[in-house]
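J.: coords please:
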Amino acid sequence: MKTLIRAPGLVLRILISVLLIVIFLTPFYWMILTAFKTLGEVLAMPPKFWVQSLQWQNFKDAFTRIDFLHYTRNSLIITLGTLIGQVLVVVPAAYAFARYDFKGKNGLFGTVLATMMIPGQLIFLPIFVMFAKSGLLNTYVSLIVPFIASGTAIFMLRQTFMQVPDSQLEAARLDNAGEFKIIYTIMMPAAIPTLSTLALLTFIGTWNSYFFPLVWTTTDAVRTLPLGIQRLQDIEGLSPQIVMAGNMMLIVPILIVFVVARKQIIKAFTYMGVK
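T.: Coordinates of the predicted model:
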């Protein structure tokens with residue numbers, strides 16, 4: 001009887017889940033489908049939900065119509081620079097908030113949390129003026145430095161660091177371990193799931209960033225791959241299959257990083273949920 005009562009609710013949840021999966025996956029399926037179509041198949045009406053033959057030439061065209069390697073190299077430098085910068089800045093900051101008591105700590109931490117509510121688009125103009133006056137426009141510095149301090153990352157790591165038992169830290173200090181050694185040998189290993197999650201979020205946000213590389217650069221010298229795809233769209237506006245092929249190449253690194261880090265991400269959210 002209980003099974004029969006629960007059945008309608010279970011079926012409803014399954015239907016809602018399937019509907020959400022279809023809604024989220026349809027754009028990706030359409031992008032992949034379009035990337036392998038000919039121009040005639042793209043323009044066909046009614047649209048076709050399959051391809052007659054895979055058009056790998058679209059990817060070659062997307063790669064050669066713009067300086068794909070140049071834009072990709074810029075994206076890698078900026079993304080990796082941001083990740084390294086966040087480790088150097090965010091980890092010590094989170095450790096200090098989690099393990100030290102100092103004057104103004106609560107107010108300063110509240111300020112850090114407040115930065116999470118300020119959209120970057122509100123402050124891009126003053127930063128642009130600052131970079132322009134200091135001669136840092138069209139440099140990697142202008143696209144890395146503003147993002148190495150993250151309120152979200154500091155908050156998440158602080159919560160994780162607070163779960164480490166005090167006894168471990170005291171034992172390390174009795175062995176004459178310095179604070180940086182404690183961070184490296186105790187705190188960071190304990191926070192690997194959280195660090196992996198933050199690294200993935202930072203990677204996705206930086207790799208996909210379009211607005212800031214657009215407004216803080218005036219030449220293609222340090223512009224990133226999303227701007228390169230926009231250039232491809234300007235060139236191949238009448239060939240959407242080539243543009244979609246470029247978009248597919250844009251998201252491949254994100255998919256690879258997600259597959260590698262997915263287990264750690266699940267652990268991070270499970271750990272924080274239990275705590």
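
J.: care to break the protein down by domain?
T.: 2-35, 58-274 (automatic domain parsing).

J.: buried deepest among those, which one?
T.: domain 58-274 (a mean of 16; mean count of other CB atoms under 10 Å). Where C-beta positions appear, they are placed from N, C-alpha and C, glycine not excepted.

J.: who touches residue 203 in this structure?
T.: Residue 203 makes contact with 79, 83, 254, 257 under the criterion CB atoms under 8 Å, 6 or more residues apart in numbering.

J.: try 6 Å
T.: Contact analysis of residue 203 by CB atoms under 6 Å, 6 or more residues apart in numbering lists 79, 257.

J.: and the gap between residue 82 and residue 16?
T.: 37 Å (CB to CB, to the nearest Å).

J.: the spatially closest residue to residue 243 that is not a sequence neighbour: helix or strand, and which one exactly?
T.: Using CB to CB, 6 or more residues apart in numbering and skipping the chain neighbours, the partner closest in space to residue 243 is residue 233 (5.0 Å). If you go by DSSP states H and E, residue 233 is part of helix 225-235.

J.: and the helix or strand containing residue 78, how far out from the chain's middle?
T.: Using DSSP H and E, residue 78 sits in helix 68-99. Using CA atoms, centre = their mean, to the nearest Å, the mean C-alpha position of helix 68-99 is found 11 Å from that of the whole chain.

J.: contacts for the very next helix or strand once past that helix next, please.
T.: Counting by DSSP H and E, the element after helix 68-99 in chain order, helix or strand, is helix 105-115. The contact list for helix 105-115 (CB under 6 Å, 6+ apart) reads 97, 151, 154.

J.: stretch 77-90 now?
T.: With CB under 6 Å, 6+ apart as the test, stretch 77-90 has contacts from 140, 143-144, 147-150, 153-154, 199, 202-203, 206-207.

J.: closest one of the residues you listed to residue 223?
T.: residue 143 (9.1 Å; CB to CB).

J.: returning to that earlier point: mind putting the contacts of helix 105-115 into TSV with distance to residue 52 and pLDDT?
T.: Below are the contacts of helix 105-115 laid out as TSV (distance: CB to CB, whole Å; pLDDT from 0 to 100):
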residue	distance to residue 52	pLDDT
97	59	92
151	51	89
154	52	93
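
J.: as TSV, those residues with distance to residue 75 would be great.
T.: Putting the contacts of helix 105-115 into TSV (distance: CB to CB, whole Å) gives the following:
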residue	distance to residue 75
97	31
151	24
154	25
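
J.: skipping its backbone neighbours, what lies nearest the residue sitting nearest the centre point of the chain in space?
T.: Centroid-nearest residue in the chain, with CA atoms, centre = their mean: residue 204, separated by 2.0 Å. The shortest distance from residue 204 to any non-neighbouring residue, by CB to CB, 6+ apart, is to residue 254 (5.6 Å).

J.: okay, that neighbour: pLDDT?
T.: On pLDDT, residue 254 comes in at 89.

J.: ok, residue 91 next?
T.: The predicted local confidence for residue 91 is 93.

J.: tell me the contacts of it?
T.: Here residue 91 is in contact with no residue (CB under 6 Å, 6+ apart).

J.: rerun that using 8 Å as the cut-off
T.: 157, 183, 187-188.

J.: any weak-confidence spans in this structure?
T.: For the chain, applying pLDDT under 70 flags the ranges 1-7, 236-237, 264-265, 267-275.

J.: so who does residue 190 touch?
T.: Per CB under 8 Å, 6+ apart, neighbours of residue 190: 160-161, 163-164.

J.: please repeat the previous calculation with a cut-off of 10 Å.
T.: 160-161, 163-165, 168, 271 (CB atoms under 10 Å, 6 or more residues apart in numbering).

J.: same check on residue 241?
T.: So residue 241 contacts 33-43, 51, 55, 57-59, 61-62 (CB under 10 Å, 6+ apart).

J.: at 6 Å what do you get?
T.: With CB under 6 Å, 6+ apart, residue 241 has these contacts: 34, 37, 42, 58.

J.: which residue, other than its chain neighbours, is closest to the last one?
T.: Meaning residue 58. residue 245 (4.0 Å).

J.: one step back: may I see the contacts of residue 91 arranged in JSON lines, with secondary structure and distance to residue 23 as well?
T.: Formatted as JSON lines, the contacts of residue 91 follow (DSSP: H, G, I helix; E, B strand; the rest coil; distance: CB to CB, whole Å):
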{"residue": "157", "secondary structure": "helix", "distance to residue 23": "33"}
{"residue": "183", "secondary structure": "helix", "distance to residue 23": "42"}
{"residue": "187", "secondary structure": "helix", "distance to residue 23": "40"}
{"residue": "188", "secondary structure": "helix", "distance to residue 23": "38"}
